[in-house]
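[1] here you go, sequence then predicted model.
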Amino acid sequence: MDTEVQPKLIIHGGAGSSLRSKGGVETVRRSLYPIVDEVYSLLLEGVSAKEAVVRGCQMLEDDPCFNSGTGSVLQSDGQIRMSASLMDSTSQSFSGVINVSRIKNPIDLAQFLQTSPDRVLSDFGAAELARELQIPSYNGLTELRLQEWIKERQDNFQRTMAGVVAEAELLSTSNARRGTIGVVALDTYGRLAAGTSTGGKGFERIGRVSDSAMPAGNYATAHAAVSCTGIGEDIIDECLAARIVVRVTDGMSLKDAMQRSFAEAHEHKRDFGAIALDASGAIAWAKTSEALLAAYHDGDKMGDTLEIPAGTEVGSTM
């Protein structure tokens with residue numbers, strides 16, 4: 001059939017302090033651009049927004065550069081606990097898992113739960129679901145994350161969070177932040193979906209819950225879809241993703257909704273970023289942090305937010 005809507009796509013791999021060098025920027029681009037290319041090709045073939053989001057999240061989770069799936073940070077006890085969620089505009093159904101361990105792709109459990117009467121499961125329930133689905137046990141620990149944790153343990157966990165990118169040479173030595181991964185898509189039928197996945201802050205108290213498995217960090221309606229990244233507690237306090245989406249649903253333009261929401265966040269000294277799409281195909285991103293590791297396809301070409309200077313809050317494109 002003929003394409004009814006021009007598909008759009010935006011993905012992110014975290015937000016935080018600036019990458020040290022052009023080499024760091026190019027390393028992140030080498031991770032993000034192939035994912036944008038593959039997932040956008042699926043959208044052109046007619047794959048649903050939800051399926052495209054799941055595929056994008058799987059690819060980001062499998063990249064050890066980012067804090068999700070393989071390459072997830074370690075909590076204070078040295079364990080990996082991951083969270084992920086998925087929201088589809090067609091059913092306006094939110095699903096997710098919280099603090100799940102030993103699984104390669106947490107987004108897969110979120111996808112399964114889309115049609116379940118119980119759509120958000122915590123650690124024990126998520127582990128039982130993985131067993132029911134016969135998903136193989138998987139260890140996503142990388143040497144870089146292990147060494148990061150060992151160093152922080154020696155320093156008695158002076159830092160309250162791990163690095164956003166799992167490459168030591170790419171991180172600013174001060175004020176490094178970590179984030180999630182996320183994908184937002186608009187398909188050829190005009191449907192929106194958003195998915196978000198994370199390994200958490202790193203070094204946190206056991207049982208801490210991320211925003212990534214809440215509507216605060218991942219939300220979509222037929223009007224707009226948003227995925228957030230940054231300090232989860234700040235995202236939760238602002239109820240950021242839902243706030244932006246509700247404003248668009250109530251008639252505000254996506255860019256204005258982002259600007260309003262991030263102006264409020266500035267007043268509250270929040271530290272995070274967000275990516276978004278609306279039903280018209282507008283793409284938007286914003287940050288209060290120094291950097292947002294995002295890339296997109298606007299229907300004509302790929303672009304990214306990697307070199308947008310600190311202080312630039314809201315960007316958008318059709």
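    Ah, there it is.
[2] what about stretch 109-117, start to end distance?
    Here the two ends of stretch 109-117 are set 14 Å apart, with distance taken as CA to CA, to the nearest Å.
[3] swap that for stretch 188-207, please
    Here the two ends of stretch 188-207 are set 40 Å apart, with distance taken as CA to CA.
[4] so which bits of it are buried?
    188, 190-204 (16 or more other CB atoms under 10 Å). Yep, even glycine has a C-beta here, placed from its N, CA and C like the rest.
[5] filter the residues you listed down to the ones in strands?
    Cross-referencing these against strands under DSSP state E gives L192, A193, A194, G195, T196, S197, T198.
[6] chain center to the lengthiest helix in the chain, what's the gap?
    Longest among the helix segments of the chain by residue count, using DSSP state H, is helix 22-44. Centroid separation between helix 22-44 and its chain, computed with CA atoms, centre = their mean, to the nearest Å, is 15 Å.
[7] counting contacts, what elements does it pack onto?
    The elements that helix 22-44 packs onto, with contact taken as 3 or more CB pairs under 8 Å, 6 or more residues apart in numbering; DSSP states H and E, are strand 8-16, helix 49-62, strand 181-186, strand 291-297, strand 302-304.
[8] average pLDDT for the shortest one?
    Per-region confidence: strand 302-304 scores 97 on mean pLDDT.
[9] each with direction, which strands does that strand pair with?
    Partner strands for strand 302-304, per DSSP bridges, with pairing direction: strand 291-297 (antiparallel).
[10] got the contact list for the strand it pairs with?
    The list of residues contacting strand 291-297 from outside it, by CB atoms under 8 Å, 6 or more residues apart in numbering, reads 7-19, 28-29, 32-33, 35-37, 40, 164-165, 179, 229, 273, 275, 283, 285-286, 302-306, 308, 310, 317.
[11] and those residues, which of them are buried?
    Buried subset of the contacts of strand 291-297 (neighbour count, 16+ other CB under 10 Å): 7-19, 28-29, 32-33, 35-36, 40, 164-165, 179, 229, 273, 275, 283, 285-286, 303-306, 308, 317.
[12] hang on, isn't S122 packed against G96?
    No. Contact criterion CB atoms under 8 Å: S122 and G96 do not qualify, at 9.8 Å.
[13] these two: which has the busier surroundings?
    For S122 versus G96, neighbours defined as other CB atoms under 10 Å are more numerous around G96 (31 against 16).
[14] which SS state does that one fall under?
    When classified by DSSP: H, G, I helix; E, B strand; the rest coil, G96 comes out as strand.
[15] quick one: low-confidence ranges for the stretch 201-318 of the chain?
    Within the stretch 201-318 of the chain, the stretches falling below the threshold (pLDDT under 70) are 310-313, 318.
[16] mind listing the strands for it?
    Secondary structure of the stretch 201-318 of the chain, counting by DSSP state E, counting those that start in this stretch: strands at 218-220, 224-230, 272-278, 283-287, 291-297, 302-304, 314-317.
[17] other SSEs contacting the second one?
    Contact here means 3+ CB pairs under 8 Å, 6+ apart; on that basis strand 224-230 packs against strand 8-16, strand 181-186, strand 192-198, strand 218-220, helix 240-249, strand 272-278.
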